[in-house]
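got a sequence here, can you model it:
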Amino acid sequence: MSDRPLESHAEAQRRVVRDSLGVGIATGLYGASFGAVSVASGLDVVQTCALSLLMFTGASQFALVGVLGSGGSAVTGALTAALLGTRNTLYGLRLAPLLGWRGARRFGAAHLVIDESTAMSITRPSRALARTGFLTTGWSVFVLWNLFTLLGAIGGAVLGDPRTYGLDAAVGGAFLALLWPRLQDRDGRRLALTAAAVALLAGPLVPSGLPWWAVLGGAAACYLLKLAGLSVPASVLDRPLVRAVADRLPIALLAGLIAVQVLAGDRGVVLDARAAGLLAALVLLLLRAPFLVVVVGSALTAAVLRHVGLMS
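Residues are numbered from 1 along each chain as shown. The predicted model follows:
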């Protein structure tokens, strides 16, 4: 009789590890799309890998390379990435009492605070299982995300002109896939359309340069936001207004990025193969296609249209 609780706990641990590794593998594979998109946006292989290694939060990474690829400044890219990273602060508020880490462990754990590690932790019935889910998911995503970022970046660099393969259109498809869960209610759709219109009317962003400042500055800001969630008392940040802003801010930012990335040109709004790629991404999302399929589908659509000469 005395062995049953130990056996039950061991089985629960194995189940958490198995599920967490599955999430880690599935998520890590998406790093290949980020690597290719980042190189297509103008970062080199080293900068791309540094971004995954140091920032390690997918939406913010895509946002930063999207801003730089659209002609935005390093400061604008870093700030946009940081604003999208505010959701990790709220994740930290949920995780801090559950994980119960202090000192150096808290500083180390902060880097692994992402959507997936949070989801695999907060539903666990005990601290031990929560820690297992957090660490297994966090580390498996981290290792595989960085590995596939490298492979995607090398592949993107070897391919040559990214427009030939529709990689510029893949950026818009990736942003739309990230935004899609937030567009299921009317308020979210209204906010997204308004933000897109404002972004286009605002005109071209400040000319870019110094992408290393964007990589390092954005990574530092995102890490500090994660650490704040694990360190700051919940009473400071866990307020309705803060939660509302953190919930709605990513919608506006991603919608604005989509508009600029897909529709902005040197002489104003243009409709080219990037827009067709975005339309393909929309269709795939309506068909419930996974993220990677959406990104590849948008790129393939743009590449085929350019190859046959129907769109530039």
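
contacts, neighbours, all on C-alpha from now
OK.

pLDDT-wise, which helix or strand of this protein ranks last?
helix 234-237 (a mean of 68; mean pLDDT, DSSP states H and E).

show me what the helix or strand that it is followed by is packed against.
The first helix or strand that comes after helix 234-237 along the chain, using DSSP states H and E, is helix 240-263. Helix 240-263 sits against helix 58-69, helix 74-84, helix 86-99, helix 167-179, helix 186-201, helix 273-286, with contacts defined as 3 or more Cα pairs under 8 Å, 6 or more residues apart in numbering; DSSP states H and E.

need these in a markdown table with distance to Phe107 and mean pLDDT, can you?
Listed next are these as a markdown table, based on distance: least, Cα to Cα, whole Å; pLDDT from 0 to 100:
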| stretch | distance to Phe107 | mean pLDDT |
| --- | --- | --- |
| helix 58-69 | 20 | 86 |
| helix 74-84 | 18 | 84 |
| helix 86-99 | 12 | 88 |
| helix 167-179 | 27 | 83 |
| helix 186-201 | 34 | 87 |
| helix 273-286 | 37 | 94 |
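
can I get these in TSV including mean neighbour count and distance to Ala12?
Below are the helices and strands packed on helix 240-263 laid out as TSV (neighbours: other Cα atoms under 10 Å; distance: least, Cα to Cα, whole Å):
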stretch	mean neighbour count	distance to Ala12
helix 58-69	26	29
helix 74-84	24	34
helix 86-99	22	17
helix 167-179	28	32
helix 186-201	17	38
helix 273-286	22	34
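
so which of these comes closest to Cys222?
helix 74-84 (5.3 Å; Cα to Cα).

just want the angle from the closest one to helix 58-69.
For helix 74-84 against helix 58-69, the angle by axes from the mean of the first three to the mean of the last three Cα atoms, to 10 degrees is 160 degrees.

which residues sit against helix 74-84?
Helix 74-84 is contacted from outside by 59-61, 63-68, 208-215, 217-219, 221-222, 225, 249-250, 253, using Cα atoms under 8 Å, 6 or more residues apart in numbering.

check stretch 114-124 too.
Against stretch 114-124 from outside (Cα under 8 Å, 6+ apart): 20, 23-24, 57, 88, 91, 94-95, 98, 129-135, 137-138.

may I see the buried residues of that stretch?
The neighbour-count check on stretch 114-124 (16 or more other Cα atoms under 10 Å) flags 114, 116-122, 124 as buried.

ends of it, how far apart?
Using Cα to Cα, to the nearest Å, the end-to-end distance of stretch 114-124 comes to 17 Å.

could you do stretch 260-278 as well?
Distance across stretch 260-278, first residue to last, is 12 Å (Cα to Cα).

how far off centre is it?
Stretch 260-278 sits 22 Å away from the centroid of its parent chain (Cα atoms, centre = their mean, to the nearest Å).

next one: stretch 109-125
Computed by Cα atoms, centre = their mean, the separation of stretch 109-125 from the middle of its chain amounts to 15 Å.
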